[in-house]
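Participant: For reference, the sequence and a predicted model appear below.
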Amino acid sequence: MTGELGQLALCFALALSLVMAGAGLLGARAQGAAARSIAGGAAMGMFVFVVLAFAALTYGFVTSDFSIALVANHSHTAKPLIYKISGVWGNHEGSMLLWVLVLAVYTGLVAILQRGGERLTSGALGIMGLLAAAFILFILFTSNPFLRLDPAPFEGAGLTPLLQDFGLAVHPPMLYAGYVGLSASFAYAAAALMVGEEGWARAARPFMLIAWIALTAGIALGSWWAYYELGWGGYWAWDPVENASLMPWLIATALLHSALATEKSGAFRTWTLLLAIAGFSLSLIGTFLVRSGVLSSVHAFASDPTRGFFIMILIALAIGGALALFAWRAPTLQGGAAFDPVSRETTLVLNNVFLVAACACVFVGTLYPLVLDAVNGTKITVGPPYYALTFAPIFFALMLLVPLGPVLGWKRGDLKAAWRSLYPALGLAGIAALAVLAIVSPRGVVATLAFAVAGWLIGASILDLRRRKGARVSAFAAALAHAGLGVTLLGVTGATAWRSEALQVMAPGQTMTVGPYLLRFDGVTREKGPNYIADRAHIALMDGGKVKAMLEPEQRLYPAEGQAVSDTAIRTTGLRDLYLALGDDRGDGRFAVRAYVSPLAPLIWLGALVMSLGGLLSLWGRLRWRAREPVPQPAAAE
Amino acid sequence: MTPKKKRRLAFAAALVAVGAVLAVVVIYGLGQNTMYFRSPTDIAEARIAPGVAFRLGGLVQTGSVMRGPGAQVRFSISDGKSIVPVTFHGVLPALFREGQGVVTTGALGAGGIFEAREVLAKHDEKYMPPEVVDSLKRSGRWKEGGV
């Protein structure tokens, strides 16, 4: 019964999104007051019905209603409740419904917050209505999650064990909040082009921030999951699926900076519009890459060509339509304001050039194999060295530049004074480099440089915090985000340059060393989990003949799914990870054991957390500021 | 030229220069760092120089897996027509099984033995690496709905 209700709710949501699209677009005209009120109401209605549809599917999963085909194929009664819920989006159909749910939430926010002028909001709602309608149609026609199964099976097929994990239960909603959040700035940009209103950057700012925060957190969660779950000790593999989330992040970062300049000094007006379009386009392309099955990975739920085709058409329409609108309307907008070559705007131009260039490298590396395969069937992969050669230097240059931005004034800055004020940061960079040279061996040029840059970033952020005492929250937020970047760089450097690794087939009682650690293998026992059977290794971390700690990596077999995954054991000091993975059974109680020592690895995710906090602080400052004094009507502000 | 136009021209020239450098680096990087996918039949038919890295995929030949000494593992990869012996020093993925699909990266060593640096097995029983499906189709060993 709930399945039919869900389907019905989705149909109502489709109707309302079409109403919203029509009314919203009509309301973007000066004389469309009546249409505007309809669009707002339709947005709220759509939100309610999408929530109902999603709730119906979730209910099906929680109660293990195997008469719904999707539940039967992806759930199991023996699964813990949290994974029954996360199972809703642990498959293609449900994840598309989650996408629409997130879109509906953003639509509701746009309608409630009413940021920017009436016509701008109405136009944005119209665009979001079109997007919602397209995605709901996609779900209803190619990926219906509510299809019934007759007769209903007694037991479900289960969820891929790799996905039965807390990090991965939260990762997709987070990433979607980022991907789809960019739809709001996309919609505002398109509406601004239609209406000719230029205050859109301020109106869309909170949505850009939410999207950026969610993307940052979502990518960090995904990388953390890959680190502790996949058992190879890495945190980033330049896998096309990872790249698909990195590209929108790079453009969203560029957009945040460019939009700030547009808002504060009127520079880069058209460029900011273009970035807003590009950001969401990359989100759509990412969805296509990940969901259509053109890539082989854990993420490719389905390889149904009609779905890929549908998403491709959708992408072509969205990107093509937006770019056509841009080409048609952008020339009529007021050009960007002028600025001096030495000014914050210049640093922001460079910021954008580097970020877009970095994104272009990732884009080419990700799509080149697909294009080559389509052209002549040659199957290749582009390896991490490509990204080390292209992406890394560009990002390095970007990070060198970051501290300069905040110390230069808008329109016209004083380079000498700026430079002088950064001396302490330069000092910290020197200390960091010297520390690497003095303490660590082997000494590496890249690692030393990376530490210097990290010191430079963190030092400049601390200076920034001190200088702006009593300043607006946004200054603190930027300093925090930039410091987070430095912290992540420290972690990446440590985990890449100084990682040690050992592999040994061990019989009970044998020992192995990895980095500074001595480990003793005490054998493997068979354990029973809620829905799996585990081979649990008992490995003692020795300290001068005494056992300091026990680490217990596992190999888990999930009988319902007929799959095995490894569960790593990680002991962290906060600055260094000891990481153990249990390998294959070599007979006679002997097992292969793989051990890594990753110095500074936790800082990778700590840095991402600090960056996200910076974003949250900025968002809080925005909303609080708005509550205190009404936003000046953008038209009047120009 | 007005100062504004001059500035725009300088900006455009700088962008073109940056774009050109980027293009050169990207093309060079792609040339240096792409790995081709080969099936056992590809190796039998074409001479591939030892030491050139590529990806080899197919089915793990039943009865071919031999473990030891130490962390050494030997097995063979087959596409139904040809067989390539593989050595690997490391931990096999949890889903590595005889008779199932696998993709390895590495290079040919002496005596035509593929020295794998990395072994990737599929994540679940329903999944088969698409390259392997393709090569099985070409060697005529692919049956829809299972091998």
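Facilitator: Cool, got the structure. Numbering: from 1, shown residues only, chains lettered A, B, ... in the order given.
Participant: Domain ranges for the chain, per the record?
Facilitator: No chain in the question, so chain A it is. Domain assignment for chain A, taken from automatic domain parsing, gives A:1-164, A:201-309+A:339-410, A:422-498+A:603-638, A:501-599.
Participant: oops, chain B please
Facilitator: Taken from automatic domain parsing, chain B resolves into B:1-34, B:37-138.
Participant: most tightly surrounded among those?
Facilitator: Comparing these on average neighbours per residue, with mean count of other CB atoms under 10 Å in any protein chain shown, the densest one is domain B:37-138 at a mean of 18. From N, CA and C alone the C-beta is placed, and that goes for glycine too.
Participant: what's the first-to-last distance across that one?
Facilitator: Length of domain B:37-138, first residue to last, CA to CA, to the nearest Å: 14 Å.
Participant: what about it, distance to the chain center?
Facilitator: 10 Å (CA atoms, centre = their mean, to the nearest Å).
Participant: elements contacting the helix or strand of chain B with the lowest mean pLDDT?
Facilitator: Using mean pLDDT, DSSP states H and E, helix B:130-138 stands out as the lowest-scoring helix or strand of chain B, at a mean of 71. Here helix B:130-138 touches helix B:40-45, strand B:53-60, strand B:101-108, going by 3 or more CB pairs under 8 Å, 6 or more residues apart in numbering or on different chains; DSSP states H and E.
Participant: Please produce JSON lines containing the ones you listed, extended by mean pLDDT and distance to A:Thr262.
Facilitator: Formatted as JSON lines, the helices and strands packed on helix B:130-138 follow (pLDDT from 0 to 100; distance: least, CB to CB, whole Å):
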{"stretch": "helix B:40-45", "mean pLDDT": "86", "distance to A:Thr262": "53"}
{"stretch": "strand B:53-60", "mean pLDDT": "87", "distance to A:Thr262": "46"}
{"stretch": "strand B:101-108", "mean pLDDT": "88", "distance to A:Thr262": "46"}
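Participant: got a markdown table for the ones you listed, with distance to chain A too?
Facilitator: Below are those laid out as a markdown table (distance: least, CB to the nearest CB, whole Å):
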| stretch | distance to chain A |
| --- | --- |
| helix B:40-45 | 10 |
| strand B:53-60 | 6 |
| strand B:101-108 | 8 |
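Participant: Chain B contacts on the stretch 101-250 of chain A?
Facilitator: Listed as neighbours of chain B in the stretch 101-250 of chain A under the rule CB under 8 Å from any CB of the partner chain: A:Thr160, A:Leu162, A:Gly231.
Participant: repeat for the stretch 251-400 of chain A
Facilitator: A:296, A:298, A:303, A:338, A:349, A:353, A:357, A:360-361, A:364-365, A:368-369, A:378-383, A:385-386, A:389-390.
Participant: Only whichever of these are buried, select them in PyMOL.
Facilitator: Of these, the buried ones can be selected in PyMOL as follows, counting by 16 or more other CB atoms under 10 Å in any protein chain shown:
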select buried, chain A and resi 296+298+303+349+353+357+360+361+364+365+368+369+379+380+381+382+383+386+389+390
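Participant: Which of the residues of the stretch 251-400 of chain A next to chain B fall within strands?
Facilitator: A:Ile380, A:Thr381, A:Val382 (DSSP state E).
Participant: From these, pick the one nearest B:Ser139.
Facilitator: Closest approach between those and B:Ser139, by CB to CB: A:Ile380, at 20.2 Å.
Participant: Give me the pLDDT value at the most centrally placed residue in chain A.
Facilitator: Most central in chain A under CA atoms, centre = their mean is A:Leu215, positioned 2.8 Å from the mean C-alpha point. A:Leu215 carries a pLDDT value of 96.
Participant: Was I right to think it contacts A:Leu175?
Facilitator: Yes. Look at A:Leu215 against A:Leu175 with CB atoms under 8 Å: they come within range, at 7.0 Å.
Participant: before we move on, the earlier item: among the domains of chain A, which is nearest B:Glu118?
Facilitator: Each of these has some distance to B:Glu118 by CB to CB; the shortest is domain A:201-309+A:339-410, at 8.6 Å.
Participant: so how far is that closest one off the chain centroid?
Facilitator: With CA atoms, centre = their mean, you get 9 Å for domain A:201-309+A:339-410.
Participant: what's the first-to-last distance across that domain?
Facilitator: With CA to CA, one end of domain A:201-309+A:339-410 sits 17 Å from the other.
Participant: returning to what we had before: can you put the ones in strands among the residues of the stretch 251-400 of chain A next to chain B in JSON lines and add distance to A:Ala592?
Facilitator: Below are those laid out as JSON lines (distance: CB to CB, whole Å):
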{"residue": "A:Ile380", "distance to A:Ala592": "30"}
{"residue": "A:Thr381", "distance to A:Ala592": "26"}
{"residue": "A:Val382", "distance to A:Ala592": "30"}
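Participant: All the strands of chain B, in order from the start?
Facilitator: Going by DSSP E, chain B shows strands at B:34-38, B:53-60, B:66-67, B:72-78, B:83-89, B:101-108, B:114-121.
Participant: what does the model give whichever residue of chain B sits closest to chain A for pLDDT?
Facilitator: Nearest residue of chain B to chain A: B:Val91, at 3.3 Å (CB to the nearest CB). pLDDT recorded at B:Val91 is 82.
Participant: which SS state does the closest residue to it other than its chain neighbours fall under?
Facilitator: Excluding its sequence neighbours, the residue lying closest to B:Val91 (CB to CB, 6 or more residues apart in numbering or on different chains) is A:Gly583, at 3.3 Å. Following DSSP: H, G, I helix; E, B strand; the rest coil, A:Gly583 is assigned to strand.
Participant: so A:Gly583 touches A:Ala595, yeah?
Facilitator: No. A:Gly583 is beyond contact range of A:Ala595, at 10.5 Å (criterion: CB under 8 Å).
Participant: Return every residue with contacts to both of these two.
Facilitator: Common neighbours of A:Gly583 and A:Ala595 are listed as A:Leu503 (criterion: CB atoms under 8 Å, 6 or more residues apart in numbering or on different chains).
Participant: Against chain B, how distant is the nearest residue to A:Phe166 once chain neighbours are set aside?
Facilitator: Nearest non-adjacent residue to A:Phe166, counting by CB to CB, 6+ apart: A:Ile82, 7.2 Å away. Using CB to the nearest CB, to the nearest Å, A:Ile82 is found at 20 Å from chain B.
Participant: ok, A:Ile82 touching A:Ala169?
Facilitator: Yes. Between A:Ile82 and A:Ala169 a contact is recorded at 6.1 Å, counting by CB under 8 Å.
Participant: neighbour count winner among these two?
Facilitator: Using other CB atoms under 10 Å in any protein chain shown, the more surrounded residue of A:Ile82 and A:Ala169 is A:Ala169, with 20 against 13.
Participant: need the contact list for that one.
Facilitator: Applying CB under 8 Å, 6+ apart, the residues near A:Ala169 are A:Ile82, A:Tyr83, A:Ile85, A:Ser86, A:Leu163.
Participant: Please repeat the previous calculation with a cut-off of 10 Å.
Facilitator: Shown in contact with A:Ala169 (CB atoms under 10 Å, 6 or more residues apart in numbering or on different chains): A:Ile82, A:Tyr83, A:Ile85, A:Ser86, A:Gly87, A:Val88, A:Trp89, A:Gly90, A:Leu163, A:Leu221, A:Trp225.
Participant: which element is the second one on?
Facilitator: Under the criterion of DSSP states H and E, A:Tyr83 resides in helix A:81-86.
Participant: buried sites along that helix?
Facilitator: Buried residues in helix A:81-86 (16+ other CB under 10 Å): A:Tyr83, A:Lys84, A:Ser86.
Participant: any idea of the mean pLDDT for the lengthiest helix in chain A?
Facilitator: If you go by DSSP state H, chain A has its longest helix at helix A:344-376. The average pLDDT within helix A:344-376 is 90.
Participant: again with stretch A:430-447
Facilitator: Averaging pLDDT along stretch A:430-447 yields 86.
Participant: hmm, that stretch in reach of chain B?
Facilitator: No. For a cut-off given as CB under 10 Å from any CB of the partner chain, stretch A:430-447 has no contacts with chain B; the smallest distance is 16.6 Å.
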